[in-house]
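> Using only what follows, build the 3D model:
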Amino acid sequence: MDALMVFGLALLWDLAFGEPPAKLHPVVWFGRIAGLMDSHYKRRSPVRDFLVGTATALVVLAFALSLSILPFLAPYPLNYAPSVYFIKSSFAIRSLHEHIARTVTDDIGEKRKAVSMIVSRDVKNLDVYHLNSASVESLAENLNDSVVAPLFYFLLFGLPGALVYRAVNTLDAMLGYRNERYEYFGKFSARLDDVLNFVPARLTVLLYLPLGGRKVFRYYRLARFKINSDKPIAAMSAVLGVRLGKPGVYRFPGRTPEDGDIKRALKVYWLVVAEWLIIVSLLLATGVCPCLSQ
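Sure thing, here's the model as predicted:
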């Protein structure tokens, strides 16, 4: 198959229609499998919790890998349709913009509701500044998780790489918490997500350089709180010149972010996305990266 054509069709789908219906979305399937195993397992001991949590992750990853193989089993040209569908399902450009755009409102109740849909932290007591900060932080972090990283692994390993990465990212989002329930059960998922995001998170920072120059590197050196997630946030903070931070976790200097800064962040988002899409397209066109089998 023509990898560039398949990717181009998947990209057109994303920009025109956004996400597939939830019932038919592979990411939703990954979450349901993980959620089912999570809900039926009663925590017992650190070792046992870790082993069962690891087994849960491996089941989801095996399912993701099996989905990625299906297009290779279909005859030409029928294999194009599932290839486009699964590649599209691995990244989310339009829907991320839409989620963040909903947080631009003067109604703090509506803002809290919109922000609660994109972050895991409790937003009930957050003021406008912290809500705006959370929105921009989510945009920066998910630019890596939902755009750069899945396409990075698509370039390296084709469709299996993209879907397996998305499965790992979903597992981390569901199970990768440092609390009594998930400290050991979700440890394997969280650490695997750290490993897979190490290079993409730093690649995302590099994509901000044409927009922020040396300031991006200065802020990057301040990002010492998380292994990966604070790196793209630091870069976005540098470009916008706004203060971003999660209370008690990390903080990057700047002025207080306002609704207008969320709109500016979305413009930065599209510029970085455009850079990355051009790079991906060029690499596919030149055949430098192994993607889809011929």
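> Distance from stretch 7-16 to the middle of the chain?
17 Å (C-alpha atoms, centre = their mean, to the nearest Å).
> Now tell me what touches that stretch from outside.
80, 84-85, 87-88, 91-94, 154, 277, 280-281, 284, 291 (C-beta atoms under 8 Å, 6 or more residues apart in numbering). Yep, even glycine has a C-beta here, placed from its N, CA and C like the rest.
> and if you look at stretch 165-177?
Contacts for stretch 165-177 (C-beta under 8 Å, 6+ apart): 26-27, 30-31, 34-35, 38, 53, 56-57, 60-61, 63-64, 89-90, 120, 145, 149-150, 152-153, 182-183, 185-186, 189-190, 192-193, 196-197.
> try it again with 6 Å
27, 30-31, 34, 57, 60-61, 64, 90, 145, 149-150, 153, 182, 186, 189-190, 192-193, 196 (C-beta atoms under 6 Å, 6 or more residues apart in numbering).
> Can you select the buried ones from the residues you listed in PyMOL?
Here is the PyMOL command that selects the buried residues among these (16 or more other C-beta atoms under 10 Å):
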select buried, resi 27+30+31+34+57+60+61+64+90+145+149+150+153+182+186+189+190+192+193+196
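> Out of the contacts of stretch 165-177, name the ones that lie in helices.
Among these, the members found in helices (DSSP state H) are 27, 30-31, 34, 57, 60-61, 64, 90, 149-150, 153, 189-190, 192-193, 196.
> one step back: please tell me which one of the contacts of stretch 7-16 counts the most neighbours.
residue 87 (28 neighbours; other C-beta atoms under 10 Å).
> Local confidence estimate at the residue nearest to that residue when sequence neighbours are not counted?
Among residues not flanking residue 87 along the chain, residue 10 sits closest, at 4.2 Å (C-beta to C-beta, 6 or more residues apart in numbering). The pLDDT attached to residue 10 in the predicted structure is 97.
> how about the helices in the chain?
Under DSSP H, the chain gives helices at 3-17, 26-40, 46-73, 80-90, 94-101, 108-116, 128-143, 149-175, 187-212, 214-222, 230-240, 259-286.
> winner for burial among the ones you listed?
helix 230-240 (a mean of 28; mean count of other C-beta atoms under 10 Å).
> And it, what does it pack against?
helix 128-143, helix 187-212, helix 214-222, strand 250-252, helix 259-286 (3 or more C-beta pairs under 6 Å, 6 or more residues apart in numbering; DSSP states H and E).
> Switch the ones you listed over to JSON lines; also include mean pLDDT and distance to residue 71.
Converted to JSON lines, the helices and strands packed on helix 230-240 look like this (pLDDT from 0 to 100; distance: least, C-beta to C-beta, whole Å):
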{"stretch": "helix 128-143", "mean pLDDT": "95", "distance to residue 71": "26"}
{"stretch": "helix 187-212", "mean pLDDT": "97", "distance to residue 71": "22"}
{"stretch": "helix 214-222", "mean pLDDT": "94", "distance to residue 71": "38"}
{"stretch": "strand 250-252", "mean pLDDT": "87", "distance to residue 71": "40"}
{"stretch": "helix 259-286", "mean pLDDT": "96", "distance to residue 71": "16"}
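> out of those, which comes closest to residue 98?
helix 259-286 (10.1 Å; C-beta to C-beta).
> now the angle between helix 108-116 and that closest one, please.
20 degrees (axes from the mean of the first three to the mean of the last three C-alpha atoms, to 10 degrees).
> Can you list the helices and strands that helix 259-286 packs against?
So helix 259-286, by 3+ C-beta pairs under 6 Å, 6+ apart, packs with helix 3-17, helix 128-143, helix 187-212, helix 230-240.
> May I see those helices organised as JSON lines, with distance to residue 246 added?
Output for the helices and strands packed on helix 259-286, formatted as JSON lines (distance: least, C-beta to C-beta, whole Å):
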{"stretch": "helix 3-17", "distance to residue 246": "29"}
{"stretch": "helix 128-143", "distance to residue 246": "7"}
{"stretch": "helix 187-212", "distance to residue 246": "16"}
{"stretch": "helix 230-240", "distance to residue 246": "9"}
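> of all those helices, which lies closest to residue 259?
Across the helices and strands packed on helix 259-286 (criterion: C-beta to C-beta), the nearest stretch is helix 128-143, sitting at 6.8 Å.
> Residues contacting that closest one, please?
Looking at helix 128-143 with C-beta under 6 Å, 6+ apart, the contacting residues turn out to be 96, 100, 103, 111, 115, 118-119, 229, 232-233, 236, 244, 256-257, 262, 265, 269.
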